[in-house]
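A.B. asks: Predicted coordinates and the sequence they were generated for:
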Amino acid sequence: MATQTATANRPKQGLTVDEKIQKLRELYADAPEVGRAALEHGLPMLTQELAAPPHAQKAGRIGLRQGQVSELCVFLPFVKGGAKRLRGLLQLLEGNFRAADAVGTVHDMRFVFVDNDTKLLFATAYDGDFDPYIEDFATKIPNAMDLWLCNCEGYPGMRNPKAAADWIASHQIAAEAWYVNSPNLTAAETRRLEKVGKAVEELLDKIG
Amino acid sequence: MSSVTESLGGNVSTSAPALDLHEIQATVLRPRPAPYFGAHVLLRIDDARAGREFIRRLAPHIASATNWWNAATAWLEIGISYAGLEALGLPKESLQSFPEAFRVGMAARAKQLGDDGVNDPRNWEKPFGQGQVHIGVSAFSDSEENRRRALAVAREQYEGFSGVSVLAMQDFGAQPGDLNSLGYKDGIDQPAIEGSGVEPRPGYGRPIKAGEFILGYPGEAGILLPMPQPDILGRNSTYAGFRKYQTRVGAFNRFLRANGSTEEEREWVAAKLVGRWRSGAPLTLAPDVDNPALGADPQRNNNFDYANDPRGRQVPFGCHIRRMNPRDTKLTRLTDVNIHRLIRRGTTYGPPYDPNALSEADDEVPRGAIFLFISAKAMATIEFLQQEWINDGDFIGANGERDPIIGRQEEGATFTIPKEPVRRRIRGIETFNVLRGGEYFFMPSISALNWLANLSG
């Protein structure tokens, strides 16, 4: 287990910067003219990136993570009538997601209907790993989860949390790359810092 | 009997227990006696037939939980590891029905458990983590004499025939005042279990669904957890995580001295780390000075919540007891605290805590605690606790800090004590309890034990 992770975090194939640039030149040899030019003009910044220590980590079962923040992206086929129901639900909610607030680790969520309303693309950034908390979802917010996911094929229901977690993982597509601006800020820490910042401003207002 | 029942649980319930108490091992429900004396014996099975014969002979001496609320002078408990079940010749399809974390064992799950650095299985004592420990037998008793008697009963069953060998034996208990290896009264808070036949004492919260702790009953989510097969093996059985910690008493005392110039200050810091004074008195009920009478009173020493302490000024968010049972604390992550609880049987071993032990040599004195963490999903719960509540702090607003008592600390670790007008941040937290070994055990029901003993092959 430990060795696997170490391998995953090591720079791919252990190439030197020059070797990486060479590899890029090969990859871009048959790129459109604009791409080949960009490679040559962009080398100064690319060189810095290629020389930096690797920054990507694995999230829970599938997906990528930077610092505290993980990515999750699933393609879920709709059941018959599922797209219509979910669209209606989302429209009526008008951007209010109390269950996501309650979960506390969710940075963002997007619901995208693709392939002629046959599939849902759901993508989110969240803290840590969701597997350890799947049973908490089952006892705390089963209805919010079921209302949404009942519209997708094969969903076993939140009353069976392990099966639900397996089902989500089975539809997950790992991102090839993942960037987080503040990888050490969890959603909770962000809210705390917001409060601290406000308190500091208030204090400064009083002094000034 | 009322005084006895009060010392073990709460009042005996007027409704009959809903659990098959005669099937469940006593240790699952019965707390250790006070004072307590006992021993853990770790065994290896070298021959399947001999192993089954040993189990067949020992089974009648394994106590069931019938009338568990009555005090007992001594009892025996048994756990079998996955390697042990293999060694006993359990059929393949049955072996495959156990959860993965149990099958691979605690050492192989070090990554999920955060058992790295000084706690890495590579640093564990023999025979832990090598697939050698097949059976754990524990004796609990109320006196030295009864410990001897209980151990003699166990020994009679394995001594004198080849095929079962003793790998290690560890006496525990007999600490003055039953204090743990850091000098605290421990083992106070335990989850109350629905249908166990006893009403919870004040402050213990509503009884939690039995399926969280014993296989074959609905859990908090209203469903049965997957059970090992066949049914007779799973029902009324459970799991125990066995973890042996070595206490670095010198490091702990040096830390207290560096952060408190008088004994009073040191005791204040010591209380803040745990959330209780060493007497057991909770800081919620005795915020400023210790109250030993409160600490000793089982009707009062756990009777609190955090409604009046939302900012952690009495009980720091990052302290041991608020992490291990946040009660009504507002957590940053959606959490059902009732599904992350463990029954724990803490057993202190080695010489008693010495407040004047300051040297590095004192850190190496074999002294500490062996825990049995019991739950129907012990592996998942221990991993959750290690990852989220022990070796992290984000869930409770103690970002970047770890449990000061059982956490595996990084260099430069801190502990924050919320305080008026400004918080105090203490430095120099070290890994005060080092993990020296661990195993996962299956705790078979009485019927499962007999079924195992009668396997053929």
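C.D. replies: Good, I have the coordinates. Numbers count the residues shown, from 1 in each chain, chains lettered A, B, ... in the order given.

A.B. asks: hang on, residue A:105 packs against residue A:124?
C.D. replies: No: with contact defined as Cβ atoms under 8 Å, residue A:105 does not reach residue A:124; the gap is 9.8 Å. From N, CA and C alone the C-beta is placed, and that goes for glycine too.

A.B. asks: Quick check: phi and psi at residue B:243.
C.D. replies: Backbone torsions of residue B:243, given as degrees, to the nearest 10, read phi -130, psi 120.

A.B. asks: any idea how far chain A is from it?
C.D. replies: 19 Å (Cβ to the nearest Cβ, to the nearest Å).

A.B. asks: In terms of neighbours, single out the busier of residue A:105 and residue A:124.
C.D. replies: Remark: of residue A:105 and residue A:124, residue A:105 carries more neighbours, 24 against 18, as counted by other Cβ atoms under 10 Å in any protein chain shown.

A.B. asks: quick one, phi psi at that one?
C.D. replies: phi -110, psi 0.

A.B. asks: Flag every residue of the stretch 251-400 of chain B that's near chain A.
C.D. replies: B:331-336, B:338-339, B:380, B:383-384, B:387-388, B:394-395, B:397, B:399 (Cβ under 8 Å from any Cβ of the partner chain).

A.B. asks: Can you flag which of these belong to helices?
C.D. replies: Residues of these located in helices (DSSP state H): B:380, B:383-384.

A.B. asks: Buried among those residues? Make that a PyMOL selection.
C.D. replies: Selecting only the buried entries of those in PyMOL, with 16 or more other Cβ atoms under 10 Å in any protein chain shown as the criterion:
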select buried, chain B and resi 380+383+384
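
A.B. asks: Make a markdown table out of the ones in helices among the residues of the stretch 251-400 of chain B next to chain A and add pLDDT.
C.D. replies: Below are those laid out as a markdown table (pLDDT from 0 to 100):
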| residue | pLDDT |
| --- | --- |
| B:380 | 95 |
| B:383 | 96 |
| B:384 | 96 |
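
A.B. asks: I'd like to know which of the ones in helices among the residues of the stretch 251-400 of chain B next to chain A is nearest to residue B:312.
C.D. replies: Nearest to residue B:312 out of those is residue B:384 (Cβ to Cβ; 22.2 Å).

A.B. asks: Got phi/psi on the closest residue to chain A within the stretch 51-200 of chain B?
C.D. replies: Ranked by Cβ to the nearest Cβ, the top residue of the stretch 51-200 of chain B for proximity to chain A is residue B:111, at 4.8 Å. Main-chain torsions, residue B:111, degrees, to the nearest 10: phi -60, psi -50.

A.B. asks: residues touching residue 86, list them.
C.D. replies: I'll assume chain A. The contact partners of residue A:86, by Cβ atoms under 8 Å, 6 or more residues apart in numbering or on different chains, come to A:78, A:111, A:120, A:148, A:151.

A.B. asks: please go with chain B instead
C.D. replies: For residue B:86, the contacting residues are residue B:95, by Cβ under 8 Å, 6+ apart.

A.B. asks: Need the pLDDT of it.
C.D. replies: Listed pLDDT for residue B:86 reads 98.

A.B. asks: closest point of chain A to chain B, which residue?
C.D. replies: Distance from chain B to each residue of chain A (Cβ to the nearest Cβ) is smallest for residue A:188, at 3.4 Å.

A.B. asks: For that residue, identify the helix or strand it belongs to.
C.D. replies: Counting by DSSP states H and E, the element that carries residue A:188 is helix A:187-207.

A.B. asks: Taking the centroid of chain A, which residue is nearest it?
C.D. replies: Among the residues of chain A, the one closest to the centroid is residue A:71, at 1.8 Å (Cα atoms, centre = their mean).

A.B. asks: just the residues of chain A that are near chain B, which are they?
C.D. replies: Counting by Cβ under 8 Å from any Cβ, the residues of chain A close to chain B are A:1-2, A:5, A:68, A:102-105, A:127-129, A:132-133, A:135-141, A:159-162, A:186-189, A:191-192.

A.B. asks: List only buried entries from those.
C.D. replies: Among the residues of chain A next to chain B, those that count as buried by neighbour count (16+ other Cβ under 10 Å) are A:68, A:102-105, A:127-129, A:132-133, A:135-141, A:161-162, A:186-189, A:192.

A.B. asks: contacting residues for residue B:216?
C.D. replies: Taking Cβ under 8 Å, 6+ apart as the criterion, residue B:216 is in contact with B:224, B:227, B:234-237.

A.B. asks: quick one: least confident helix or strand in chain A?
C.D. replies: Lowest on mean pLDDT, DSSP states H and E among the helices and strands of chain A sits helix A:2-9, with a mean of 40.

A.B. asks: again with chain B
C.D. replies: Per mean pLDDT, DSSP H and E, bottom of the list for chain B is helix B:2-8, a mean of 45.

A.B. asks: And the contacts of the next helix or strand after it?
C.D. replies: The element immediately downstream of helix B:2-8 (helix or strand, assigned by DSSP H and E) is helix B:26-29. The contact list for helix B:26-29 (Cβ under 8 Å, 6+ apart) reads B:21, B:63-65, B:68, B:72, B:75, B:77, B:138, B:140, B:193, B:196, B:213-214, B:238, B:343, B:345, B:372, B:374, B:443.

A.B. asks: Show me how far helix B:26-29 is from its chain's centre.
C.D. replies: Counting by Cα atoms, centre = their mean, to the nearest Å, helix B:26-29 is centred 12 Å from the centre of its parent chain.

A.B. asks: The residue lying closest to residue B:298 once chain neighbours are set aside: neighbour count?
C.D. replies: Nearest residue to residue B:298, sequence neighbours excluded (Cβ to Cβ, 6 or more residues apart in numbering or on different chains): residue B:201, at 6.2 Å. Neighbour count of residue B:201, defined by other Cβ under 10 Å: 18.

A.B. asks: if I pick residue B:201, what's in contact with it?
C.D. replies: B:9-10, B:298-299, B:302-303.

A.B. asks: which non-adjacent residue is nearest the residue of the stretch 351-457 of chain B found nearest chain A?
C.D. replies: In the stretch 351-457 of chain B, the residue that lies nearest chain A is residue B:384 (4.7 Å; Cβ to the nearest Cβ). Closest residue to residue B:384 apart from its sequence neighbours, by Cβ to Cβ, 6+ apart: residue A:132 at 4.7 Å.
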